[in-house]
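Visitor: Kindly return the folded structure for what I paste below:
(one chain, ligands or ions: 1)
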Amino acid sequence: MQKPDAISGCGDLPVLRERGQREVFCGLTGIVWLHRKIQDAFFLIVGSRTCAHLMQSAAGVMIFAEPRFATAIIEERDLAGLADAHDELDRIVAQLLDRRPDIKLLFLVGSCPSEVIKLDLSRAASRLSRTYSPSVRILNYSGSGIETTFTQGEDACLAALVPSLPASPQGCPASLLVVGALPEVVEDQFSRIFDDLGIDVRFFPPRHAAELPPVGPNTRMLLAQPFLAETARLIEDRGATLLVAPFPFGVDGTTAWLQVAATAFGVDPLAFRRATEPGRERARRALQRYRCQLWGKKIFFFPDSQLEIPLARFLSRELSMELVEVGTPYLHRQHLKAELALLPAGTLISEGQDVDRQLDRCRAAKPDIVVCGLGLANPLEAEGMTTKWSIELVFSPIHGYDQAGDLAELFVRPLSRRARLVA
Ligand code: SF4
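Guide: Sure thing, here's the model as predicted:
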């Protein structure tokens, strides 16, 4: 029998900690959704041809759009001297900003090739900022596969932006800051609900670089994504108070998330009911269609996006799926406190990864559906398992009442496809 690295409890939940070989995307992948969100930002990856290929395949769908990311390829020829590499970077940035005056925020994104690691990108960002400020703000963060898994790319990007947030004026009333990139359609839906609740809300990241929300002791922060540990820490350091809540997936998660904000702002319970009941009803009806297809189906999550725990809670509580194992790359106990309390007693959570051991557990459990990264999906499909790519869950609008049915459907689709194949 395999010996796990460590098993400890989280409340009454066993947590299996593993440290071994991992199969996850790097943080560069976050650019695929971040470049659509901040419309006047540009992401300049300082990397190798591998990084350029990854981005091209991950963002292939964007081929006809005006690109808001590119790769400055730092090759061996640059190793002759770091000064040359810095000169090369300055030249590329000058060319880019000359051609694209619409860019107001430029991120230099580090990667893991050794020649890039040697470059001090924070020094490059401050040097270039001095040249292009105030019309362009230039920041840097790392999307390197050594330091980040794919959703941590968003955390690193937003964390780099936090020091630029203006201080909120003293003495002004409390306001809500929703933190985490959300598709515009979802952000608009939440804005309307917060409006109905009478809560003054701002979103971070904003749609434009000039719309950075103020932050300070009168800020109440609600996380929209469970993978923003560093960003949340830095915003708390600016004086904001974190509101711990389940994440807004499904009817229960969305209602609980909104309720935590409503309670913090003293919203009348009747007003809360009035503002949320239509959405709840729409979501309940949408989920009804998928319940019998997912009822009792066994699901196994490999660690990838850090969305695994909130999604597992949604699938078990609202669609009666059976959780075999819920893997997460990192378990942030404070941010996930409300989620962990809602998981069925005895759910096995695994943190980190030893991919071979986990594959053995998965094969032995014979789940009906496996949620995993692209690298594992093909081999598992070839073994006859049904898989769902976790990256699709990050790219798709899945938050809030009006996306609850679409979220359930994302799990129904691979099961229906498999059923058609074996029929
Ligand atoms: Fe690969 Fe590293 Fe580039 Fe990511 S950052 S694509 S892991 S070389």
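
Visitor: and residue 123, how many residues sit next to it?
Guide: Using other CB atoms under 10 Å, residue 123 has 11 other residues around it. C-beta: built from backbone N, CA, C; applies to glycine.

Visitor: separation between it and residue 86?
Guide: 8 Å (CB to CB, to the nearest Å).

Visitor: quick one: what helix or strand has the closest residue to the ligand within the stretch 301-423 of the chain in it?
Guide: In the stretch 301-423 of the chain, the residue that lies nearest the ligand is residue 375 (11.8 Å; CB to the nearest ligand atom). If you go by DSSP states H and E, residue 375 is part of helix 374-382.

Visitor: helices and strands around the next helix or strand after that helix, which ones?
Guide: On the C-terminal side of helix 374-382, the closest following helix or strand by DSSP H and E is strand 387-389. Judged by 3 or more CB pairs under 8 Å, 6 or more residues apart in numbering; DSSP states H and E, strand 387-389 is in contact with strand 369-372, helix 374-382, helix 404-422.

Visitor: Would you mind finding the most buried of those?
Guide: strand 369-372 (a mean of 26; mean count of other CB atoms under 10 Å).

Visitor: Sheet-wise, list the partners of that one with their directions.
Guide: Sheet pairing of strand 369-372 (DSSP bridges) gives strand 298-301 (parallel), strand 387-389 (parallel).

Visitor: If you count contacts, what does the helix or strand that the longest one is followed by end up packed against?
Guide: To tie it back to what came earlier, the one meant is strand 298-301. Moving toward the C-terminus from strand 298-301, the next helix or strand (DSSP H and E) is helix 308-319. Applying 3+ CB pairs under 8 Å, 6+ apart, one finds that helix 308-319 contacts helix 250-264, helix 269-294, strand 298-301, strand 322-328, helix 337-340, helix 404-422.

Visitor: and helix 308-319, how far out from the chain's middle?
Guide: Remark: helix 308-319 is offset 17 Å from the chain centroid, using CA atoms, centre = their mean, to the nearest Å.

Visitor: Report the mean per-residue pLDDT for that helix.
Guide: Taken as a whole, helix 308-319 carries a mean pLDDT of 98.

Visitor: Same check on stretch 209-226?
Guide: The model assigns stretch 209-226 a mean pLDDT of 97.

Visitor: repeat for stretch 290-299
Guide: Averaged across stretch 290-299, pLDDT comes to 97.

Visitor: again, but for stretch 231-250
Guide: The average pLDDT within stretch 231-250 is 98.

Visitor: so how far does stretch 90-107 reach from one end to the other?
Guide: Taking CA to CA, to the nearest Å, the first and last residues of stretch 90-107 lie 13 Å apart.

Visitor: How about residues contacting it?
Guide: By CB atoms under 8 Å, 6 or more residues apart in numbering, the surrounding residues in contact with stretch 90-107 are 38, 40-44, 70, 72, 124, 127-128, 132, 135-141, 157, 160, 208-210.

Visitor: which residues does the closest residue to residue 254 other than its chain neighbours contact?
Guide: Setting aside the residues directly before and after it, residue 254 is nearest to residue 248 in space (CB to CB, 6 or more residues apart in numbering), at 4.2 Å. By CB under 8 Å, 6+ apart, residue 248 lies in contact with 190, 224, 254, 257, 258, 399, 400.

Visitor: can you check residue 250 too?
Guide: 283, 287, 314, 317, 318, 404, 407.

Visitor: Which residues are in contact with the last one?
Guide: Right, residue 407. 249, 250, 311, 314, 393, 396, 398.

Visitor: So what's the residue count around residue 104?
Guide: Neighbours of residue 104 under the rule other CB under 10 Å: 17.

Visitor: measure it to the ligand for me?
Guide: Residue 104 sits 25 Å away from the ligand, going by CB to the nearest ligand atom, to the nearest Å.

Visitor: quick one: pLDDT of that residue?
Guide: Looking at residue 104, the pLDDT reads 96.

Visitor: returning to what we had before: distance to residue 179 and mean neighbour count added to the strands paired with strand 369-372, as TSV?
Guide: Compiled in TSV, the strands paired with strand 369-372 are given as follows (distance: least, CB to CB, whole Å; neighbours: other CB atoms under 10 Å):
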stretch	distance to residue 179	mean neighbour count
strand 298-301	24	23
strand 387-389	25	20
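
Visitor: In a markdown table, list those strands along with distance to residue 348.
Guide: Output for the strands paired with strand 369-372, formatted as a markdown table (distance: least, CB to CB, whole Å):
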| stretch | distance to residue 348 |
| --- | --- |
| strand 298-301 | 10 |
| strand 387-389 | 19 |
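
Visitor: Would you format the ones you listed as TSV with distance to the ligand included?
Guide: Listed next are those as TSV, based on distance: least, CB to the nearest ligand atom, whole Å:
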stretch	distance to the ligand
strand 298-301	22
strand 387-389	17
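
Visitor: how about those strands, which one is nearest residue 30?
Guide: For the strands paired with strand 369-372, proximity to residue 30 was assessed by CB to CB; strand 387-389 is nearest, at 15.8 Å.

Visitor: Please enumerate residues in contact with whichever helix or strand comes after that closest one?
Guide: Note on strand 387-389: by DSSP H and E, the next helix or strand toward the C-terminus is helix 390-395. Outside helix 390-395, the residues within contact range by CB under 8 Å, 6+ apart are 25, 29, 32-33, 58, 150-151, 301-302, 304-305, 307-308, 311, 371-374, 407, 410.

Visitor: Pull helix 390-395 out as CSV, backbone CA atoms only.
Guide: Output of helix 390-395 as CSV, limited to C-alpha atoms (Å, rounded to 0.1, in the frame of the first residue of the first chain):
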residue,chain,number,x,y,z
SER,A,390,-9.9,22.2,-15.6
ILE,A,391,-8.6,25.1,-17.8
GLU,A,392,-12.0,25.3,-19.4
LEU,A,393,-13.5,26.1,-16.0
VAL,A,394,-11.3,29.1,-15.7
PHE,A,395,-11.9,30.4,-19.2
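
Visitor: re the thing from before, quick one, which of the helices and strands packed on strand 387-389 is nearest to residue 342?
Guide: Closest among those, once you apply CB to CB, is helix 404-422, at 15.7 Å.

Visitor: Can you pull the residues of this structure lying near the ligand?
Guide: Contact residues, the chain versus the ligand (CB under 6 Å from any ligand atom): 26, 28, 47-48, 50-51, 54, 111-113, 143-145.
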